[in-house]
Each structure stands twice: as C-alpha cells, then as structure tokens.
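Novice: model this:
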Amino acid sequence: MLCMTRRLKLRLPKKSDYPDSLKILNRADRSAEYHQLVEASASAYFETKGPAKWLFMKRFQVAVDYLNQIGPVANALDAGTGIGFFLPTLSQTAKNVWALDYANHTLRYAKGLCQKLKIKNVIFKQGDLTKLPFPAKKFDVIVALSILEHIPPKQLPIVIGHFKRVLKSGGYLIAGYPNEGDKIFKLVQQAEKIIMRPKVFKSIHDDKRKYKPLGHVAKSFQIDKAIKDKLKVVNYKALPINGFKFYSLSLNQKT
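Specialist: Here you go, the predicted structure:
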C-alpha cells in the first residue's frame, strides 16, 4: 500500500559540489573520463538551457512524487547512478542506498559529491545491469533514470528480470527514459546539442576518442514492454504532456 504521510523534497547538487567543480567539462577532449561524464549527463545537467533544462529537471521532480507515494524505505538502489545527481535526494528517503554504475570515472565523481555533502548512507559499487551483483529480495525501491535506453533491446528482459529478482515482494521500480522513437524528439535533441553544446556534439562524433559511449539503443515502446512483462504498472507520466511525449516515467511494482 502506498504511503502519503510525508513530503520528500528534491535536493539537486551544484557543480561546486563535485571534485574540481567539474572543470573537465569546460573543454572537450578525447579522454575516457570526459566521455564517461558526458554519457552520464554531467554536461546536460549543468549546460543545457530553456525547455531542455526544464525537461531534465522535471523528471527528477516526478521521481520524487513517486517516492513520496512510496514513503521511507530501508534499502534503495540507484541503478546507473552516473555522477550521483539524484543521490542527495534519494539518500533522504532510504536508510541505505546502493549506487551502481559500470563506469569508474563517473563513480569517482559520485563518491566525491557524497563526501562533499557529507552523505554517509550511500554504498558505491561498479557493476553491469545485465549481471546485477545483488542477492534476491534486497531492495524496497529501485530508481533507474535515463539508463534503460542504453540497454540493447534483446537484453532489456534480462535487466528488468534482475530488477524483479532483487526487489522485495511489493517493492517498486521507478523508471525514466526518453521517447527515442519520436522524430520530433530526435530533432529537438540534435538541435539542443548543436546550438547549446557544440563542443559536446563535436566530441561525441570524434573517432579518435578514448571511450565510445553506449548511445541510446532501446526505444521507449521496447522498454515499456519489458517492464510490463515483469512488473505491475502503478502509475505513468509522460513529459511534457500526454500525446506529446519526450520522456516517460513509470512507477512499477513487484507483485
């Protein structure tokens, strides 16, 4: 049963909360560190403006609304934590938070963030979502924001299956992912990078870069199906509005 007895507030970090204030973003280079941070949306969090910025931040507020429906929990997993942008918020509603990411550079920044903000209830782990390194029935809630689109479609059932395995009975998955199949979305996404973040656009198309980003390979309807096949959809919200969907956020339960 969902809980409505408390109100968790969104707490988003600043660039100054990260090691070296994320100065690496000031100039594009070919290093693995730079491209892992770009893939983890570090550039998008702090360098986008206008409608794109609103959309980026609104998804976190929707996730907070879902967490408020669930209420405080014992154990939470931030799956694909990236630079840990959501950890200051998630750590307030869970007694223990596990922050998982496959990229060592992004985890280092997430750790630095928690050290700076004196967040002490986060455990960091490097790992692969297709081989989720946790025992069964460990978590009350899993947050997976802007990560499932990076999973090849054939592996989505494996990842969602792992989420179901490590969730406690009655536990929740909060999933957020872009509508990659929409032509308008692709045009807006491309324009945002070319106009507002040209150095990022150029760097991710540099064949001599040291790290090749995973890219967005799964479409929203494929993610929807993988989730619905394994879990019960409790709530669903499209951003910015239904019928004009750039981003999907769903609250799903293991029954």
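Novice: what does the helix or strand containing Ala175 contact?
Specialist: For Ala175, the element it lies in under DSSP states H and E is strand 167-178. With CB atoms under 8 Å, 6 or more residues apart in numbering as the test, strand 167-178 has contacts from 59, 62-63, 66-67, 70, 137-149, 160, 163, 185, 189, 216, 218, 220, 223, 227, 231, 234, 246-255. The way it works is simple: take the backbone N, C-alpha and C, and place the C-beta from them, glycine included.
Novice: which residues in the stretch 151-255 of the chain form helices?
Specialist: Along the stretch 151-255 of the chain, counting by DSSP state H, counting those that start in this stretch, helices occupy 156-166, 183-196, 198-204, 220-230.
Novice: What mean pLDDT does the longest one get?
Specialist: In this model, helix 183-196 has a mean pLDDT of 55.
Novice: what's near enough to touch Ser248?
Specialist: 175-179, 220, 223-224, 236-239.
Novice: and if we set it to 7 Å?
Specialist: Going by CB atoms under 7 Å, 6 or more residues apart in numbering, Ser248 touches 176-177, 179, 220, 238.
Novice: Among the residues you listed, show me the least confident.
Specialist: Asn179 (81).
Novice: thinking that residue is in contact with Phe246, fair?
Specialist: Yes: with contact defined as CB atoms under 7 Å, Asn179 counts as touching Phe246 (5.7 Å).
Novice: In the stretch 1-150 of the chain, where is pLDDT below threshold?
Specialist: Filtered on pLDDT under 70, the stretch 1-150 of the chain yields the residue ranges 1-6.
Novice: The same query, at a cut-off of 50, please.
Specialist: 1-5 (pLDDT under 50).
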